[in-house]
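>>> Fold the following, please.
(2 chains)
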Number of protein chains: 2
Amino acid sequence: MFKENEARESGFSVALDEALDALAFNSDGLVPAIARQHDTGEVLMLAWMNREALEETLRTGRVCYWSRSRAALWRKGESSGQTQQLVELRIDCDGDTILLNVNQKGPACHTGRRDCFYWKADGERVVLDREPLVDPQTLYKKS
Amino acid sequence: MFKENEARESGFSVALDEALDALAFNSDGLVPAIARQHDTGEVLMLAWMNREALEETLRTGRVCYWSRSRAALWRKGESSGQTQQLVELRIDCDGDTILLNVNQKGPACHTGRRDCFYWKADGERVVLDREPLVDPQTLYKKS
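Numbers count the residues shown, from 1 in each chain, chains lettered A, B, ... in the order given. Now for the predicted structure:
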């Protein structure tokens, strides 16, 4: 579907179900999803979605991933409160990557940092260059 | 390495080789790499890198991926001229995703569009909403 319609003009559309059916999920049934803060353009994180996570995200407007470590749906912020509200969901030319423009509440990273990309290559070193916004202990403490 | 140092303060660094050794490549030896236009914050594309592509990118300052379809190094723009100059390379908290802040020359997408994310979910439809900057035929014609 994606390849065969790539030369269409702006405004062309297909049914959501047809597009979801045509996604190129990997052998684990997942596609990578990039979360970007919609207004600032910060890339916050990359996580993975299966079809169920995608459908829930579109239905609820709250971003839901698939946790590969827990092998379960992962409603972002369900433990930490640091939710992602969906502003816009996009699919790429090959139908194998999702871009989520979101409104991130607080830190996206489990370390308490705003985003997950806090290691920066600098010559022969890789430097950690972001401070946590909040103590990660406060994100996951039991109530 | 990434997990054990996640509570370090800003300014902490490790050797580049140590960081590359600690990357969580998948079973194909690849990590996803997000390309973002460094000044506008546009997410341009997602592609894949192996260690060799990463090292070449850092060495040359010109982004090189691994093409899964061609099973070869893919020096972005080598056919089309639409190169990506590396501005900054970042690694995420889990060491399993790369963020490339780049300066993209012209369109990043093989369709001639600026970025690859031109399908937008809109209710029960998915709408194509980007026009090519250039005719893709002109990008790949034989010289």
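>>> Now name the helix or strand holding the residue nearest to A:Asp115 when sequence neighbours are not counted.
Nearest non-adjacent residue to A:Asp115, counting by CB to CB, 6 or more residues apart in numbering or on different chains: A:Leu44, 4.6 Å away. Placement of C-beta: from N, CA and C, glycine included. Element membership of A:Leu44, judged by DSSP states H and E, is strand A:43-49.
>>> any chance you could map the strands in chain A?
Taking DSSP state E as the test, the strands found in chain A are A:13-15, A:31-37, A:43-49, A:64-67, A:72-75, A:84-91, A:98-104, A:119-122, A:125-128.
>>> export the ones you listed to CSV and tack on mean neighbour count and mean pLDDT?
Formatted as CSV, the strands of chain A follow (neighbours: other CB atoms under 10 Å in any protein chain shown; pLDDT from 0 to 100):
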stretch, mean neighbour count, mean pLDDT
strand A:13-15, 16, 98
strand A:31-37, 23, 98
strand A:43-49, 25, 98
strand A:64-67, 22, 98
strand A:72-75, 16, 97
strand A:84-91, 20, 98
strand A:98-104, 23, 98
strand A:119-122, 20, 98
strand A:125-128, 20, 98
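>>> do you know which of those strands lies nearest B:Tyr118?
strand A:84-91 (7.5 Å; CB to CB).
>>> Tell me the residue of chain A that sits nearest chain B?
Across chain A, the shortest distance to chain B (CB to the nearest CB) belongs to A:Gly41, at 1.8 Å.
>>> my read: that residue touches B:Asp39, true?
No: taking contacts as CB atoms under 8 Å, A:Gly41 lies outside contact range of B:Asp39: 9.3 Å.
>>> Could you tell me which residues make contact with the residue of chain A closest to chain B?
By CB atoms under 8 Å, 6 or more residues apart in numbering or on different chains, the contact set of A:Gly41 is B:36, B:40-42.
>>> Report back the residue of chain A that's furthest from centre.
Residue farthest from the centre of chain A, counting by CA atoms, centre = their mean, is A:Glu124 at 30.3 Å.
>>> isn't that one right next to B:Glu18, touching?
No: if you go by CB under 8 Å, A:Glu124 and B:Glu18 don't touch, sitting 10.3 Å apart.
>>> how near is the closest residue to A:Tyr65 other than its chain neighbours to B:Tyr65?
Leaving aside its sequence neighbours, A:Tyr65 sits nearest to A:Ala47 (CB to CB, 6+ apart; 4.1 Å). Noted for A:Ala47: a distance of 21 Å to B:Tyr65, by CB to CB, to the nearest Å.
>>> about what we covered before: can you dump the C-alpha atoms of the strand holding A:Leu44 in CSV for me?
The C-alpha trace of strand A:43-49 is given here as CSV (Å, rounded to 0.1, in the frame of the first residue of the first chain):
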residue,chain,number,x,y,z
VAL,A,43,13.2,13.9,20.1
LEU,A,44,12.3,12.4,23.4
MET,A,45,12.6,8.6,23.0
LEU,A,46,12.2,5.6,20.8
ALA,A,47,10.0,2.7,21.8
TRP,A,48,8.1,-0.1,20.1
MET,A,49,4.4,-0.6,19.2
